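A.B. asks: Show me how the following folds:
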Amino acid sequence: MLPIIDSSKVIFGLKRTLSENGIRLLISNKRYSQVTSAPKPLEGIRVLELGQIVAGPFCGTILGYYGAEVIKVESPGTGDTVRTLRGIDIDGVSPWFRAIGRNKKSCEINLRTEEGRKLVRQLADRSDVLIENFRPGVMEKWGLGPEELYKTNPSIVYTRISGFGQTGPYAKRPGFASVCEAVAGWRHINRFRDQPLVRQNLSLGDSLAGLTAALGIVMCLLVRKKFPPNARSGQEIDVAIYESVLNMMEGVLPEYDRFGEIRQPAGNSATDIAYLCSDSKYIVIDGDGGFPHEKLMKIIGREDLTTPECKANKESIQDKELINAILDWTKKHTSKEVLEKLEKEEIPCAPVYNIKDIVEDEHFRKRDLFETVRVGENMENGGWDLKLSAITPKLSATPGGTTWAGPDLGQHNREILMNFLGLGEDEIRELQKNGII
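C.D. replies: Predicted coordinates for the structure are as follows:
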């Protein structure tokens, strides 16, 4: 008999149930093969997202991907800044927003008005989670701080993302990802020695903060189930971007504490450099912990670099002869040839990919890391397909997924105001007239 998944163990929402035979899964080779549609793990959870740009919205994206109902509150007429960042599509919206806004419902509400804040307060009373990434103190100034919301919704999980946290000497500072990556030590590590600091062309700190916040939310939702009804079971989650970056700094702190050593940038040592090949592509060869590989030296015809004398002088060899020896070899071969030779000997290596390479790589496709959604269906041309990255991790029994792309601005105004708040057409028209929505 096929096992039946207990819905109470995979769904956080208490109001949503499944029929007894709604989910059946076949066990095969320690993996679940989905036979019929499965629930998403966060179905039944409602999230009110007040965030902008990356940190707050990415947190909402993760939750929505795994089934939460995400209501995204945006400024009337303009919306989230990401709507017009990077490349703008023919509909006036960036593809980036279509990705980070996936599975969300857009509702325009002017938070700078008393009436708008009243609407948000009512939505918060009907939500399980609130996400905001304003500067500390802004939500309190608007009368939307956690202590105020707990009065009418004691179970809400109140999630706050800021540059430097809600407390401490730096709390009031504006905290963008680049600034927070610097103060957390990442910019010091991510550079060449004795050369100017560089930054990757991504808001790494923001994404890490969003991921950290999503983890905190799931933990708070689990804890909330242990409280009796009507108890104050909600929690405030304080996520700082710089602390999210600090979380990934490995043993930098204990190394300094024990040995007084400040970890320095690796720069271009033999175990970190990207080697240029004859087809102008780069290959990374990793031998950390056991470099130089005797097998690698044999492949490139430089067994002389594995002598006891070379091993005793490992530091200088890495920085001089070893790098040049490997580079002389890779430049005589294409990247494909280099990979084939190294992989045959099980030497860790990989090509340096750009996004075009990623899209064309079979491994990414076989891992189902690309999803296609329809955008612009209301336009004269009928719209177009847009490729998005799947969000991980992969769950065998209750997988996530993209149901729709980031919505048009205010696309769900009426659904939210009428169905959730019970407003009528006349009330909605009055709100529009007064610039509230």
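
A.B. asks: Longest helix in this protein, by number of residues?
C.D. replies: helix 204-224 (DSSP state H).

A.B. asks: Could you list the buried residues of that helix?
C.D. replies: Of the residues in helix 204-224, 204-214, 216-218, 220-221, 224 count as buried by neighbour count, 16 or more other CB atoms under 10 Å. All C-beta spots, glycine's among them, are computed from the backbone N, C-alpha and C.

A.B. asks: Which elements pack onto it?
C.D. replies: Here helix 204-224 touches helix 55-65, strand 129-132, strand 157-162, helix 177-183, strand 236-240, helix 241-246, going by 3 or more CB pairs under 8 Å, 6 or more residues apart in numbering; DSSP states H and E.

A.B. asks: Please enumerate residues in contact with it?
C.D. replies: 12, 42, 45, 53-59, 61-63, 128-129, 131, 155, 157, 159, 161, 177-178, 180-181, 184, 186, 233-235, 237, 239-245, 247-248 (CB atoms under 8 Å, 6 or more residues apart in numbering).

A.B. asks: If any of those are buried, give me the ChimeraX selection for them.
C.D. replies: Selecting only the buried entries of the contacts of helix 204-224 in ChimeraX, with 16+ other CB under 10 Å as the criterion:
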select :12,42,45,53,54,55,56,57,58,59,61,62,63,128,129,131,155,157,159,161,177,178,180,181,184,186,233,234,235,237,239,240,241,242,243,244,245
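
A.B. asks: residues in contact with Y282?
C.D. replies: With CB under 8 Å, 6+ apart, Y282 has these contacts: 274-276, 335, 351-352.

A.B. asks: In JSON lines: the helices and strands packed on helix 204-224, plus mean pLDDT and distance to T113.
C.D. replies: Output for the helices and strands packed on helix 204-224, formatted as JSON lines (pLDDT from 0 to 100; distance: least, CB to CB, whole Å):
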{"stretch": "helix 55-65", "mean pLDDT": "98", "distance to T113": "21"}
{"stretch": "strand 129-132", "mean pLDDT": "99", "distance to T113": "17"}
{"stretch": "strand 157-162", "mean pLDDT": "98", "distance to T113": "22"}
{"stretch": "helix 177-183", "mean pLDDT": "94", "distance to T113": "30"}
{"stretch": "strand 236-240", "mean pLDDT": "98", "distance to T113": "25"}
{"stretch": "helix 241-246", "mean pLDDT": "97", "distance to T113": "29"}
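
A.B. asks: Columns distance to E114 on top of the ones you listed, output as TSV?
C.D. replies: Formatted as TSV, the helices and strands packed on helix 204-224 follow (distance: least, CB to CB, whole Å):
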stretch	distance to E114
helix 55-65	23
strand 129-132	18
strand 157-162	21
helix 177-183	32
strand 236-240	24
helix 241-246	30
